[in-house]
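**Q** missing the sequence, but the structure's below:
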Ligand SMILES: *Cc1c(COP(=O)(O)O)cnc(C)c1O
């Protein structure tokens with residue numbers, strides 16, 4: 001063996017590696033182009049490694065024997081292939097303790113909604129087609145009647161999300177005029193939704209009244225003028241102002257607005273479609289309450305407490321909703337057929353099912369009993385004991401959050417599987433914990449938990465049902481491998 005040749009030459013050509021039986025076999029599952037890409041990337045990486053080693057090493061032996069065998073290269077290519085073929089949008093386990101987690105896609109859907117979506121994806125459907133008359137229809141028809149029944153409103157329309165609903169409603173009802181709102185409700189929701197900015201984008205002038213903690217009816221009265229376009233109330237969904245506080249009740253705001261011939265709009269944020277208190281959950285305002293209190297337009301999300309797909313729902317007075325529908329932004333923000341069918345199916349459960357709290361996953365998870373979570377915990381504890389060297393696993397009480405700004409200060413008692421490094425050495429613990437958290441994220445179906453107080457907490461509230469439990473347990477062997485690999 002010569003040690004003076006360029007080691008990079010010792011790598012096989014792309015085509016030679018592609019001819020390897022393992023890669024030929026992969027053609028039954030992957031396209032040729034993707035396999036070629038994986039092979040090329042593997043060789044590029046290997047070439048770079050060899051060049052770096054040769055450059056760094058003062059030893060003349062950085063040599064062909066350090067180059068990999070073709071079998072090893074094929075194996076690396078296969079590993080890269082499965083990485084390249086893995087979709088970005090894949091399922092994870094949400095064990096963060098936040099049930100409606102925006103970064104993890106918020107609500108998962110009811111089976112009937114999934115079924116409806118699949119049908120809509122597979123077949124043409126009467127989306128904007130009136131099957132009675134054979135003429136053109138309106139896509140809002142799929143859900144409008146249901147929404148009116150469920151909220152007591154006269155009319156309804158739907159858009160891409162609640163941020164869009166607020167933008168659209170403000171634009172249609174208040175552009176060029178003033179939107180009057182309490183200083184205590186100039187909310188910011190995560191991801192750059194800020195009420196003052198949305199108002200500006202909608203072409204409204206913000207007219208803030210009162211103080212952060214206290215706003216009175218007389219503040220609103222004093223603010224009304226020729227340029228007033230509407231009064232807005234925003235649900236303070238992701239914070240609570242407590243202590244010496246005062247806000248103006250909805251019926252009073254409605255009266256002030258109507259005395260001055262302007263609409264009263266309520267952004268509810270989450271908006272539960274059923275009385276959550278009946279299931280032992282904290283009370284959350286319903287669109288029905290706001291309508292009954294005199295609101296002319298109410299907006300709320302489809303994928304928060306409602307438990308449906310991402311959507312923004314607008315319900316209210318017929319004439320105002322008609323104005324909103326005519327606004328050009330409505331077309332820009334309209335819902336697609338998949339979302340609409342999923343939303344319809346979810347709304348039907350609220351109207352027609354005796355047990356929506358069991359069929360709508362978000363509600364099922366929120367109302368899951370502590371005893372049921374504890375049982376899951378005991379089984380998982382048994383399955384994870386002594387699984388990883390140097391890690392202790394315990395089952396501990398914890399508190400889940402609803403999430404997505406729903407009921408910000410309320411917590412639900414739950415159980416967490418808590419992983420703690422056993423090492424006596426404090427400084428050795430943090431990297432071990434990071435390694436574990438990383439290993440959970442590397443799994444085929446990544447497990448997302450929360451690092452807190454020197455431990456990884458996996459809140460088991462959202463690990464519900466025998467299938468989910470089995471899927472979690474099935475991955476434990478791989479976890480062990482990932483953990484070892486991350487350490488190596
Ligand atoms: C969540 C929320 C929004 C934004 O709704 P998206 O559906 O996330 O667009 C707007 N206003 C309030 C009060 C909210 O809680």
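**A** The structure has been received and is ready for your questions. Note that the coordinates shown come from a computational prediction; the quantities given were computed from them, not determined experimentally.
**Q** partner strands of whichever strand or helix holds residue 181, parallel or antiparallel?
**A** Applying DSSP states H and E as the criterion places residue 181 in strand 178-182. According to DSSP bridges, strand 178-182 forms sheet pairs with strand 205-209 (parallel), strand 228-234 (parallel).
**Q** which one of those is the most hemmed in?
**A** strand 228-234 (a mean of 24; mean count of other C-beta atoms under 10 Å). Just so you know, the C-beta spots here come from the backbone N, C-alpha and C atoms, and that holds for glycine as well.
**Q** which positions in the protein make contact with the ligand?
**A** Contact residues (C-beta under 6 Å from any ligand atom) of the chain with the ligand: 161-163, 166, 187, 189, 193, 234-235, 237, 267, 269-270, 301, 312, 404-405.
**Q** can I get the strands paired with strand 178-182 in a markdown table with mean pLDDT?
**A** Below are the strands paired with strand 178-182 laid out as a markdown table (pLDDT from 0 to 100):
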| stretch | mean pLDDT |
| --- | --- |
| strand 205-209 | 96 |
| strand 228-234 | 97 |
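**Q** tell me, how many neighbours does the one residue in the stretch 301-450 of the chain that gets nearest to the ligand end up with?
**A** Taking C-beta to the nearest ligand atom, the ligand has its nearest neighbour within the stretch 301-450 of the chain at residue 301, 3.6 Å off. Other residues near residue 301 come to 29 when the count uses other C-beta atoms under 10 Å.
**Q** my read is residue 345 is in a helix, agree?
**A** Yes. According to DSSP: H, G, I helix; E, B strand; the rest coil, residue 345 belongs to a helix.
**Q** that one against residue 116, yeah?
**A** Yes. The criterion here is C-beta atoms under 8 Å, and residue 345 meets it with residue 116 at 4.1 Å.
**Q** next one: residue 384 relative to residue 26, how far apart?
**A** Distance, residue 384 to residue 26, using C-beta to C-beta, to the nearest Å: 34 Å.
**Q** tell me which of these two has more neighbours.
**A** More neighbours surround residue 26 than the other of residue 384 and residue 26, with 23 against 20 (other C-beta under 10 Å).
**Q** can you tell me the closest non-neighbouring residue to the more buried one?
**A** residue 35 (5.6 Å; C-beta to C-beta, 6 or more residues apart in numbering).
**Q** so which residue of the protein comes closest to the ligand?
**A** For the chain, C-beta to the nearest ligand atom, closest residue to the ligand: residue 269, 2.4 Å.
**Q** and what about residue 335, helix, strand or coil?
**A** coil.
**Q** that older thread, export the strands paired with strand 178-182 as JSON lines, with columns for distance to residue 320.
**A** Listed next are the strands paired with strand 178-182 as JSON lines, based on distance: least, C-beta to C-beta, whole Å:
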{"stretch": "strand 205-209", "distance to residue 320": "20"}
{"stretch": "strand 228-234", "distance to residue 320": "10"}
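**Q** show me where the stretch 301-450 of the chain has helices.
**A** 318-326, 328-332, 337-352, 356-359, 361-366, 370-384, 426-442 (DSSP state H, counting those that start in this stretch).
**Q** what is the second one packed up against?
**A** With contacts taken as 3 or more C-beta pairs under 8 Å, 6 or more residues apart in numbering; DSSP states H and E, helix 328-332 sits against helix 162-174.
**Q** run a quick neighbour tally on the closest residue to residue 111 other than its chain neighbours.
**A** Leaving aside its chain neighbours, residue 111 sits nearest to residue 359 (7.3 Å; criterion: C-beta to C-beta, 6+ apart). Residues near residue 359, counting by other C-beta under 10 Å, number 18.
**Q** next, work out how far apart residue 359 and residue 371 are.
**A** Residue 359 sits 21 Å away from residue 371 when distances are taken as C-beta to C-beta.
**Q** next one: the lowest-mean-pLDDT helix or strand in the chain to chain centre, how far?
**A** Each helix and strand of the chain was given a mean pLDDT (mean pLDDT, DSSP states H and E); the minimum falls on strand 188-189 at a mean of 81. Counting by C-alpha atoms, centre = their mean, to the nearest Å, strand 188-189 is centred 16 Å from the centre of its parent chain.
**Q** who does it pair up with?
**A** Note on strand 188-189: by DSSP bridges, its sheet partners are strand 193-194 (antiparallel).
**Q** for the helices of the stretch 301-450 of the chain, which one sits closest to residue 255?
**A** Smallest distance to residue 255 across these (C-beta to C-beta): 17.2 Å, for helix 318-326.
**Q** buried residues, the closest one. List them.
**A** Buried residues in helix 318-326, defined by neighbour count with 16 or more other C-beta atoms under 10 Å: 320-321, 323-325.
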